[in-house]
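Asks: Got a sequence here, can you model it:
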Amino acid sequence: MSTINVIPEYKDFSEFYVKGVLPYKELNPTHIRLDGKMLGSTRNFSAYFWYSGKKWKVGADTHIDRLKLAYDACKASDEPFVIKSTRDKKGQYLEIKGQPIRDKKFYVYNAG
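Replies: Residues are numbered from 1 along each chain as shown. I've put the predicted structure just below:
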């Protein structure tokens, strides 16, 4: 019999970081990404959270240090993210305000 994994949902990014990321990091201090891998992309998601009236999904290949940057940005501002359209204009994703475009390692998409 297969195990059914339920992706957790949080009311906002701060709750996701405090209740989801920090305990994960404590249990897995050597992990760089939420999926525990070093390289490669994935279509899996680790969690959902709400921001700006929309539900967002966090890619399992998101780097934990980028989540810390986003958490710090949340503490400093009510609007820590910039909502951008995907290349095909069919979806949206979040970027941390002030982050470089290259090598972002922060994969959060509209769960619409």
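Asks: For the longest helix seen in the chain, enumerate the helices and strands it packs against.
Replies: Across the chain, the longest stretch assigned as helix under DSSP state H is helix 64-76. Using 3 or more CB pairs under 8 Å, 6 or more residues apart in numbering; DSSP states H and E, the elements in contact with helix 64-76 are helix 13-16, strand 92-96. Yep, even glycine has a C-beta here, placed from its N, CA and C like the rest.
Asks: Of those, which is nearest R66?
Replies: When the helices and strands packed on helix 64-76 are compared by CB to CB, strand 92-96 sits nearest R66, at 7.0 Å.
Asks: so that closest one versus helix 64-76, what angle?
Replies: Strand 92-96 and helix 64-76 meet at an angle of 80 degrees, taking axes from the mean of the first three to the mean of the last three CA atoms, to 10 degrees as the criterion.
Asks: in strand 92-96, what's buried?
Replies: 92-96 (16 or more other CB atoms under 10 Å).
Asks: ditto for stretch 12-20
Replies: 13, 16-17, 20.
Asks: For it, list the C-alpha coordinates in CSV.
Replies: Extracted in CSV, the C-alpha atoms of stretch 12-20 (Å, rounded to 0.1, in the frame of the first residue of the first chain):
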residue,chain,number,x,y,z
ASP,A,12,1.6,33.1,5.6
PHE,A,13,5.3,32.8,4.8
SER,A,14,6.4,33.5,8.3
GLU,A,15,4.3,30.6,9.7
PHE,A,16,5.7,28.3,7.0
TYR,A,17,9.3,29.2,7.9
VAL,A,18,8.8,28.9,11.7
LYS,A,19,6.7,25.8,11.7
GLY,A,20,8.0,24.0,8.6
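Asks: Right, I'll leave it there.
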